[in-house]
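# Can you look at this prediction? I've put the sequence above it.
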Amino acid sequence: MTATLETLRQWVQQARHLAVLTGAGMSAESGVPTFRDAQSGLWAQFNPKELATEAAFRADPQRVWDWYQYRRALIARVQPNAGHRALAAWAQRHPGRLTLITQNVDGLHERAGLGETIALHGRIDADQWLDRPRPCCQPDFLEDGRPPRCSVCGNLRRPAVVWFGEMLPTEALAAAETAAQACDLMLVIGTSGLVYPAAGLAHTAHRSGAQVVVINPEPTELDTVAQTCWRERAAQSLPALLAD
Ligand code: APR
């Protein structure tokens, strides 16, 4: 079904509980590369198996650490876009009615002023111990470009993001599932819908009777569960959709 902007605006205004699931396309207009866009996608230039798995980090910590440092530097230079700001403003005007679930690790929703988000894949601007920390673990934060390690036992620090093959943070996933079951409208913005369990949240919302709207200039794997697909870009379209 093709819905007009007016219809979608009514759906948003009437939503008691709006759940929003965002992916890399949400930050594309801020200048953050997506993963699977044909030319510009990160996975078109880099092999995720060599950069976004625990095995890759254990095999070559420096190479993986360097790649995340490169992405951290890029993300530190960009700003939230009009789409991030429109979502944050809506949440502030309608306290308690929006649950923002993101696959993105860039922190741009938070930097736009969205107080609470469910970061399913972690945050790139944080790191954590590679192995369960031992009492001795004191990161030796030498700013020498090497991944910090404990100066006593050699435990390494790694980016606090979810790598391929890893479980998502239990609490975050449970909160996202609850929101997907409880919402009456879910906006699915800027995701190809290829990676589970995040993509499964749109199916959960659909099964629970919510209206699902996919906002993406391209077709996605989640179009089948959408009431309607809005072939629009996030920053360009969300301000009009979310204005009161
Ligand atoms: N506005 C809205 N959508 C956009 C825009 C835009 N301006 N630009 C691109 N898109 C869409 C693309 O059409 C594509 O469908 O964003 C989507 C990005 O898809 P992916 O690159 O696959 O990113 P995502 O769906 O977030 O990937 C999920 O995969 O690699 C892992 O952990 C990583 O969180 C990521 C997960």
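Alright, I've got the coordinates. As the structure is a computational prediction, the values presented were derived from the model and not from experiment.
# what's the next secondary structure element after the helix or strand of the chain with the lowest mean pLDDT?
Counting by mean pLDDT, DSSP states H and E, the weakest-scoring helix or strand in the chain turns out to be strand 139-140, with a mean of 74. The helix or strand immediately downstream of strand 139-140 is strand 149-150, counting by DSSP states H and E.
# where exactly do the helices run in the chain?
Taking DSSP state H as the criterion, the chain carries its helices at 5-14, 25-28, 42-45, 48-51, 54-59, 61-77, 82-93, 108-111, 170-182, 200-207, 234-242.
# Quick check: the residue in the chain positioned nearest to the ligand vs Gly31, distance?
Of all residues in the chain, Gly25 sits closest to the ligand, with a separation of 2.3 Å (CB to the nearest ligand atom). For every residue, glycine as well, the C-beta is placed using N, CA and C. Look at Gly25 and Gly31: by CB to CB, to the nearest Å, they are 13 Å apart.
# quick one: furthest residue from the center of this structure?
Using CA atoms, centre = their mean, the residue of the chain lying farthest from its centre is Val152. It sits 35.0 Å away.
# show me what contacts it?
Listed by CB atoms under 8 Å, 6 or more residues apart in numbering, the contact partners of Val152 are 136-138.
# What about these, which one has the most neighbours?
Cys137 (19 neighbours; other CB atoms under 10 Å).
# For the nearest residue to Leu114 once chain neighbours are set aside, give me its contacts.
Nearest residue to Leu114, sequence neighbours excluded (CB to CB, 6 or more residues apart in numbering): Ala88, at 4.2 Å. Counting by CB under 8 Å, 6+ apart, Ala88 touches 80, 109, 112-114.
# at 6 Å what do you get?
Ala88 makes contact with 112-114, according to CB atoms under 6 Å, 6 or more residues apart in numbering.
# What about the closest residue to Ala160 other than its chain neighbours, how many residues nearby?
In this structure, Ala160 finds its nearest non-sequential neighbour in Ala126, 3.9 Å apart by CB to CB, 6+ apart. As a burial measure, Ala126 scores 13 neighbours (other CB under 10 Å).
# Could you tell me which of the contacts of Ala88 count as buried?
112, 114 (16 or more other CB atoms under 10 Å).
# Serialize the contacts of Ala88 to CSV and add fields for pLDDT and distance to Pro147.
CSV is the format used below for the contacts of Ala88 (pLDDT from 0 to 100; distance: CB to CB, whole Å):
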residue, pLDDT, distance to Pro147
Ala112, 98, 30
Gly113, 98, 32
Leu114, 97, 30
